[in-house]
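A.B. asks: Would you be able to build a 3D model of this:
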Amino acid sequence: MKIFKFLVPALLGTAVAGQALAAELELKFGHVGAPGSLFEASVNEFAKRANEKLAGKAKVVTFGASQLGKDKELLQKLKLGTVNFSLPSTVMSTVADEFGLFEMPYLVKDRGHMGRIENEIFWTKIEPAAEAKGYKILAVWENGFRHITNNLRPIDKPADLQGIKLRTPKGAWRVKMFKSYGANPTPMSFSEVFTALQTGVIDGQENPFAQIYSAKFQEVQKYLSLSGHVYTPAYVTVGKDAWAKLPADVRQVLEETAKETQAYVYETAAKMEIDLLDKLKAGGISVNEPDKAAFVKASKGIYDEFSASVSGGGELVDKAMSLAGGS
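C.D. replies: Numbers count the residues shown, from 1 in each chain. Sure thing, here's the model as predicted:
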């Protein structure tokens, strides 16, 4: 009986400890978005929904503003399993050539068009290319329509970019595009951009309103040109091997929730486009509407190069363009 009295509490303690360990499965979601950005809002909403459904089986914990690393570092950590999720955008074109489709200027017309590209092209042609490189994409979210800011002059046509030192993300096609427009593109991590603008290392940058405003670029830039030159998706990405090691029921909740959160992301992004432009104007930055037809005309060479250098690139572009109607 004495042994029994000691054994029962010990067994109960072990069971409780086991439950505590199970509840302590922490899933880290790292991203580069600043406080107030679309990335932060999207990731936090996903974490809130997922954690409610997981009910203690696991917990998604979010780390924004490059706390866990910049985009390329986060991709490496996904493979190592030290970070569970990240939200890359342009950088995915350095992982697999097919992602360069979303670097083609003026390709995506609106979110309806993006939805058709996702349904008919992305999951069958592009996502498998990521899996071949050791990643898995759970859902397509948004970075947004990109616009140009700088300190030298309003950008009305491509020639106005001549000689401007313009920060771009680390994606080859964005660099090629701005070189063809006459700019001096400078790939740089997002977390370094504010200081580079402030000190004059670069003259300008290009990003969606949500990234411009949350990073306070308007405080160190004079001109905002509404070029809308590229629409960049963002991808809820995991390391393929590390993902496979998670319990199947946890994976199911996470994948379903990532896809479900897309509607929230798009709704929030659309609202931010209106609200943040008003705030940027109120902050004193000079805003102009460029001649988009001139930019479209100047973009032909990038499409030709993508079609010639990426296997199946021409077919991807043609298919995406064919889905533009009815937006």
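
A.B. asks: which residues of the chain fall in strands?
C.D. replies: 26-30, 59-63, 85-86, 135-145, 147-150, 165-168, 184-187, 204-207, 223-225, 231-239, 286-288 (DSSP state E).

A.B. asks: which stretch among these comes nearest Ser93?
C.D. replies: strand 231-239 (9.8 Å; C-beta to C-beta). Where you see a C-beta, it was placed from the backbone N, CA and C, and this is true even at glycine.

A.B. asks: Most tightly packed of the strands of the chain?
C.D. replies: Of all the strands of the chain, strand 85-86 has the most neighbours on average by mean count of other C-beta atoms under 10 Å, namely a mean of 28.

A.B. asks: Show the low-confidence segments of the stretch 1-150 of the chain, by residue range.
C.D. replies: Low-confidence segments of the stretch 1-150 of the chain, defined by pLDDT under 70: 1-24.

A.B. asks: circling back: export the strands of the chain as a markdown table, with columns for distance to Leu107.
C.D. replies: A markdown table is the format used below for the strands of the chain (distance: least, C-beta to C-beta, whole Å):
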| stretch | distance to Leu107 |
| --- | --- |
| strand 26-30 | 28 |
| strand 59-63 | 30 |
| strand 85-86 | 24 |
| strand 135-145 | 11 |
| strand 147-150 | 16 |
| strand 165-168 | 17 |
| strand 184-187 | 19 |
| strand 204-207 | 16 |
| strand 223-225 | 19 |
| strand 231-239 | 7 |
| strand 286-288 | 23 |
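
A.B. asks: between these, which one is nearest to Val310?
C.D. replies: The nearest among these, by C-beta to C-beta, is strand 231-239 at 17.4 Å.

A.B. asks: Now that closest one: average pLDDT?
C.D. replies: The pLDDT scores in strand 231-239 average 98.

A.B. asks: Any chance you could list what contacts that strand?
C.D. replies: 39, 42, 46, 75, 78-81, 84-90, 92, 102-103, 107-108, 114, 118, 130, 134-146, 208, 258 (C-beta atoms under 8 Å, 6 or more residues apart in numbering).

A.B. asks: Can I get it in PDB, CA atoms only?
C.D. replies: C-alpha atoms of strand 231-239 as PDB (Å, rounded to 0.1, in the frame of the first residue of the first chain):
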ATOM      1  CA  TYR A 231       1.700  43.000 -57.800                       C
ATOM      2  CA  THR A 232       3.600  40.700 -55.400                       C
ATOM      3  CA  PRO A 233       1.900  37.900 -53.600                       C
ATOM      4  CA  ALA A 234       3.300  36.600 -50.300                       C
ATOM      5  CA  TYR A 235       3.500  32.900 -49.500                       C
ATOM      6  CA  VAL A 236       2.900  31.100 -46.200                       C
ATOM      7  CA  THR A 237       5.900  28.900 -46.400                       C
ATOM      8  CA  VAL A 238       7.200  26.000 -44.300                       C
ATOM      9  CA  GLY A 239      10.200  23.700 -44.600                       C
END
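
A.B. asks: Which parts of the stretch 51-200 of the chain are helices?
C.D. replies: Taking DSSP state H, counting those that start in this stretch as the criterion, the stretch 51-200 of the chain contains helices spanning 71-80, 111-117, 127-131, 172-181, 193-199.

A.B. asks: mind checking how far the closest residue to Lys259 other than its chain neighbours is from Lys165?
C.D. replies: Residue nearest to Lys259 in three dimensions, not counting chain neighbours: Ala139, with 4.6 Å by C-beta to C-beta, 6 or more residues apart in numbering. With the distance defined as C-beta to C-beta, to the nearest Å, Ala139 ends up 35 Å from Lys165.

A.B. asks: doesn't Lys109 make contact with Val296?
C.D. replies: No. Using C-beta atoms under 8 Å, Val296 is not in contact with Lys109; the gap is 11.8 Å.

A.B. asks: was I right about the residue nearest to Lys259 contacting Ala258?
C.D. replies: Yes. Using C-beta under 8 Å, Ala139 is in contact with Ala258, at 3.7 Å.

A.B. asks: what's the neighbour count on the nearest residue to Gly36 once chain neighbours are set aside?
C.D. replies: Counting by C-beta to C-beta, 6+ apart, Gly36 lies nearest to Ser214, which is 4.0 Å off, once chain neighbours are set aside. Residues lying near Ser214 (other C-beta atoms under 10 Å) number 23.

A.B. asks: so how far is Phe190 from Ser214?
C.D. replies: To Phe190, Ser214 is 11 Å away according to C-beta to C-beta.
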